[in-house]
Each structure stands twice: as structure tokens, then as C-alpha cells.
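Colleague: Any chance you can model this:
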Amino acid sequence: MTWELIAYDIAASIENDAREDLLAEARELADAERATQLFADRIRALTGREALLSVSAPDLSFLSGILATSGDDWLLLRDAVFEYLVLAHAITRLHSPTFAREAPDGLPVSLSSMLRELQGSHVTINCIDSTRTGVITGVGKDYLVLDEGDNSARRGSYAPDWEPRYAFAANTERRLVAIPFRAIAVLSQVIGHGHEEPL
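Modeller: Predicted coordinates for the structure are as follows:
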């Protein structure tokens, strides 16, 4: 073996060792960064793009659509027909996650604030045990009140005009139910003025 070949062999060995050290360091840094990330960060990284989620609701196991925005404990997903307010605790899997983008910060809007803005709206609520449909009539710190007896044709976020109501007698047309946030997986409504109900 000539000295020139020996020199090339040594150089290749040094280069290979340096490459392996660099790859090991890159893996270590990637593991360290991933260890600081939350599941919600991975979901928020899809803002503005298609997301496919599994949720813990018996009548709705998968959701897909464009991730419009998110808060600390909720996210807003849209498809061609519906808007979905998905509670973070109800997400069981994120399919085909993309890790290449930095997750934008979530909106500083709490779930209860978001739901208060939906008061008067007709929604479908996929709970962890059943599906409920009605009009949101009130929102507490950790629950909402749904009027399941509202049979109006009005759909979407078009609340009726406020009027004072002083009659506290039992109203047979109203069927109010209080639902804790921890029991809710997804709230949905038809985009626009449609009268369809989610499947």
C-alpha cells in the first residue's frame, strides 16, 4: 500500500468518525428539544394546515379539517361544512404529525370565554358518553347549560335578540341540562345558515 493510499484511508476514517459524532450529537439535541415539547405544541404546529385527530367520543372518533386556531385547552377545526371546537383533553391521537414547524402560541382565550361567545348558538355536543343537541344558554367556570328543547330552525352563531324574562314557572318546552367541560369532547355547528345536522 502506498503512502498516498494510507493518507486517504486515514482521512476517510477521521471524516467517518466526525460524521458519526455529528449525527449522534444531532440525535441528542433533537431528543432534548422533543423532551420540552407538549402534545398541544405538536397540534398547534399544524395551524393553517390539514389535521387528522382521534377524539374520545362514542359517536365521533375521527375529525379532519384545517386547524384554524387554538387556545391553551381547545382548538378550532374547520371542514367544508362544519366548525369544530375540540377540547384538548378529548384528543387521543394526532395522525401523521408534522414536526418541522415551530408551534405558534395559542390564543390567550379560555374555553369558558370562547363558549360564552357562543351563547344562543345551536350546537351539537359530542360528549364522552353521548351526543347532545341544543342551544347554549349559559356558561359557568367549568360547565355549560344546554337547552335541548329548543326546536327553532335557527342554526349557527346567530343568537336571538335579548329580551327580559321574568317568568320563572316551569317551562315544558325547555329541557335544560348542565354539562361539565371534562365530559365534552367536541362542539360543532354548521358553517353559515344551513339547517343540516352533523352526522
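Colleague: For the protein, which segments are assigned as helices?
Modeller: With helices called from DSSP state H, the chain shows them at 3-34, 39-44, 111-117.
Colleague: Can you pull out the low-pLDDT segments for the protein?
Modeller: By pLDDT under 70, the weakly predicted segments of the chain are 98-104, 106, 150-174, 192-199.
Colleague: can you rerun that using 80?
Modeller: Low-confidence segments of the chain, defined by pLDDT under 80: 1, 30-31, 33-41, 72, 96-108, 150-174, 192-199.
Colleague: rewinding a little: do you know which of the helices of the chain lies nearest Ile179?
Modeller: For Ile179, the closest of those is helix 111-117, at 10.5 Å, according to CB to CB. (C-beta placed from N, C-alpha, C; glycine too.)
Colleague: With adjacent residues omitted, what lies nearest to the residue positioned nearest the centre of the chain?
Modeller: Centroid check for the chain by CA atoms, centre = their mean gives Leu75 as the closest residue, at 3.3 Å. Once flanking residues are discounted, Leu75 sits nearest to Val86: 5.2 Å by CB to CB, 6 or more residues apart in numbering.
Colleague: Would you agree that neighbour is in contact with Val55?
Modeller: Yes. Using CB atoms under 8 Å, Val86 makes contact with Val55 at a distance of 6.5 Å.
Colleague: who has more neighbours, the two?
Modeller: Val86 (27 against 20; other CB atoms under 10 Å).
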